[in-house]
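*Asks:* no sequence for this one, just the structure:
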């Protein structure tokens, strides 16, 4: 049976190769008696392509892509960043050729988001155990460790760390209250503050504050990246204005949501940031400064709407707290349902309730990661950067046979 499956797979791959070859063949263009292919090659491989053309007697012409062209995107990730690639593959998202490569920032913030959304060190330990088992099976079969497993290692460890410092182990206050786990908990972030009678701070407010700090950090990073890209043009000043204004909006959010005192300069830095955006956002090369100001005034209403959107983006990060607390509530509820059945003949039923309840909670947590954790990177962060993810992946025409690439310029 295994042999038959292998033959079917080989036949499928052969059909895919023929289909790809046919697409390229019928996509060839001709001018009089010349038939030619047109494609893209990474800049650092151009010389190798030219040498191959000279060796094989091909005619070749190379040129830089023009603004009207839409080249494919070739992402060059370091080994530690490449573990995020399975997420991009799952989403089917590729940045445009002229857009940012935010892979490393996506990975760093995504790890924090997953940890706070799942929020349970016990669940993180289960994920880690699954990773270790998958690693063992992969090593036993002689296959290289998949990027997805490496990613889950990172996410599992981050979840364990966050769950540990917040004292959340399967949503059970009894486990969190054990001396060892209690000693590892930061009281100001405790999921179960009743374990710390002398605690005066509100842990929920502290966690929400962390959510907003992550928000202003990530969104300000986007503004700084835009500033560095636009510098030394005058337009760069507008991106600094966005940073200043968002700091002011951050202070407003802290006041409205957490009741923290708002500094007296808050309104002024919001106004100053907004004015600098209007004055400098439309400044272009070869255009007078006054015309840029007029263009900015013409789009002032849209800029105002964008500032409101930025305000809502900051508040949006509270979802990290809300989803995490919902997970704790669900876990605690199933623990309470199972607790009266932990003795006598009902013990198997209690175990079944715990398995189903926590299993459901884990599944919902994974869905929340997709809905909320990925969203903050793909929407809030990306929209602040001006990214639209309009690219398509660079896939050179090639043929692979027994892991040896033929006809591919490498």
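*Replies:* Right, received. Where do you want to start? Just so it is clear, the model here is predicted, and its values are computed rather than measured. Numbers count the residues shown, from 1 in each chain.

*Asks:* okay, buried residues for stretch 233-251 please.
*Replies:* For stretch 233-251, burial by neighbour count (16 or more other CB atoms under 10 Å) applies to 234-251. Where you see a C-beta, it was placed from the backbone N, CA and C, and this is true even at glycine.

*Asks:* pLDDT on it, on average?
*Replies:* Throughout stretch 233-251, pLDDT has a mean value of 90.

*Asks:* show me the contact partners of that stretch.
*Replies:* Outside stretch 233-251, the residues within contact range by CB atoms under 8 Å, 6 or more residues apart in numbering are 212, 215-216, 219-220, 223-224, 226-228, 230, 262-263, 266-267, 269-270, 272-277, 279-285, 289, 292, 307, 310-311, 314, 384.

*Asks:* one more time with 6 Å, if that's ok
*Replies:* The contact list for stretch 233-251 (CB atoms under 6 Å, 6 or more residues apart in numbering) reads 216, 219-220, 223, 226-227, 230, 262, 266, 269-270, 273-274, 276-277, 280-281, 283, 310-311, 314.

*Asks:* what about those residues, which are in helices?
*Replies:* Members of the contacts of stretch 233-251 lying in helices (criterion: DSSP state H): 216, 219-220, 223, 226-227, 230, 266, 269-270, 273-274, 276-277, 280, 310-311, 314.

*Asks:* which positions within stretch 106-115 qualify as buried?
*Replies:* Going by 16+ other CB under 10 Å, stretch 106-115 has these buried residues: 106, 107, 109, 110, 111, 112, 113, 114, 115.

*Asks:* residues contacting residue 283?
*Replies:* Neighbour list for residue 283: 234, 235, 292 [criterion: CB under 6 Å, 6+ apart].

*Asks:* can you redo the residues you listed as TSV with secondary structure and distance to residue 166?
*Replies:* Shown next, in TSV, are these (DSSP: H, G, I helix; E, B strand; the rest coil; distance: CB to CB, whole Å):
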residue	secondary structure	distance to residue 166
234	coil	46
235	helix	43
292	helix	49
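
*Asks:* just these now: which is nearest residue 146?
*Replies:* Of all the contacts of residue 283, residue 146 sits closest to residue 235, with 42.8 Å by CB to CB.

*Asks:* from residue 111, how far off is the closest one?
*Replies:* 33 Å (CB to CB, to the nearest Å).

*Asks:* for the closest residue to residue 128 other than its chain neighbours, phi and psi?
*Replies:* Of all residues not flanking residue 128 in the chain, residue 156 sits nearest, at 4.0 Å (CB to CB, 6 or more residues apart in numbering). Dihedral angles of residue 156 (phi, psi; degrees, to the nearest 10) stand at phi -60, psi -50.

*Asks:* quick one: pLDDT of residue 156?
*Replies:* Residue 156 carries a pLDDT value of 96.

*Asks:* list the residues that contact it.
*Replies:* Taking CB under 6 Å, 6+ apart, we find residue 156 in contact with 124, 127, 128, 131.

*Asks:* make it 10 Å
*Replies:* Residues near residue 156 by CB atoms under 10 Å, 6 or more residues apart in numbering: 114-115, 118, 123-132.

*Asks:* emit the PyMOL select command for whichever of the residues you listed are buried.
*Replies:* To isolate in PyMOL the members of the contacts of residue 156 that are buried, counting by 16+ other CB under 10 Å, one can use:
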select buried, resi 114+115+118+123+124+125+126+127+128+131
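
*Asks:* so which of the contacts of residue 156 comes closest to residue 355?
*Replies:* Nearest to residue 355, judged by CB to CB, of the contacts of residue 156 is residue 126 at 11.6 Å.

*Asks:* quick one, what contacts the closest one?
*Replies:* So residue 126 contacts 120, 156, 159, 160, 170, 358, 359, 362 (CB under 10 Å, 6+ apart).

*Asks:* low-confidence ranges in the stretch 251-400 of the chain?
*Replies:* Confidence mapping of the stretch 251-400 of the chain against pLDDT under 70 gives the ranges 398-400.

*Asks:* just the strands from it, written as ranges.
*Replies:* Here the stretch 251-400 of the chain has its strands, by DSSP state E, counting those that start in this stretch, at 399-401.

*Asks:* domain-wise, how is this protein divided?
*Replies:* Domain segmentation of the chain under automatic domain parsing yields 2-71, 72-392.

*Asks:* out of those, which one sits most buried?
*Replies:* Per-stretch averages of neighbours, counted by mean count of other CB atoms under 10 Å, single out domain 72-392 among the domains of the chain, with a mean of 17.

*Asks:* what pLDDT does residue 204 get?
*Replies:* Note on residue 204: pLDDT of 92.

*Asks:* what is the helix or strand hosting it packed up against?
*Replies:* When elements are assigned from DSSP states H and E, residue 204 belongs to helix 203-230. Of the remaining helices and strands, those touching helix 203-230 by 3 or more CB pairs under 10 Å, 6 or more residues apart in numbering; DSSP states H and E are helix 103-118, helix 147-166, helix 235-258, helix 300-316, helix 319-338, helix 382-385.

*Asks:* run the last query once more with 7 Å
*Replies:* With contacts taken as 3 or more CB pairs under 7 Å, 6 or more residues apart in numbering; DSSP states H and E, helix 203-230 sits against helix 103-118, helix 235-258, helix 300-316, helix 319-338, helix 382-385.

*Asks:* residue 176: which of the ones you listed is closest?
*Replies:* helix 319-338 (10.4 Å).

*Asks:* for that closest one, give me every contacting residue.
*Replies:* If you take CB atoms under 7 Å, 6 or more residues apart in numbering as the criterion, helix 319-338 is touched by 113, 116-120, 168, 170-172, 191, 207-208, 211, 350, 353-354, 357-358, 361, 365, 368, 372.

*Asks:* Throw the buried residues of stretch 106-115 into CSV and include distance to residue 324 and pLDDT, thanks.
*Replies:* Below are these laid out as CSV (distance: CB to CB, whole Å; pLDDT from 0 to 100):
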residue, distance to residue 324, pLDDT
106, 20, 93
107, 20, 93
109, 16, 94
110, 15, 94
111, 15, 95
112, 12, 94
113, 10, 95
114, 11, 94
115, 9, 95
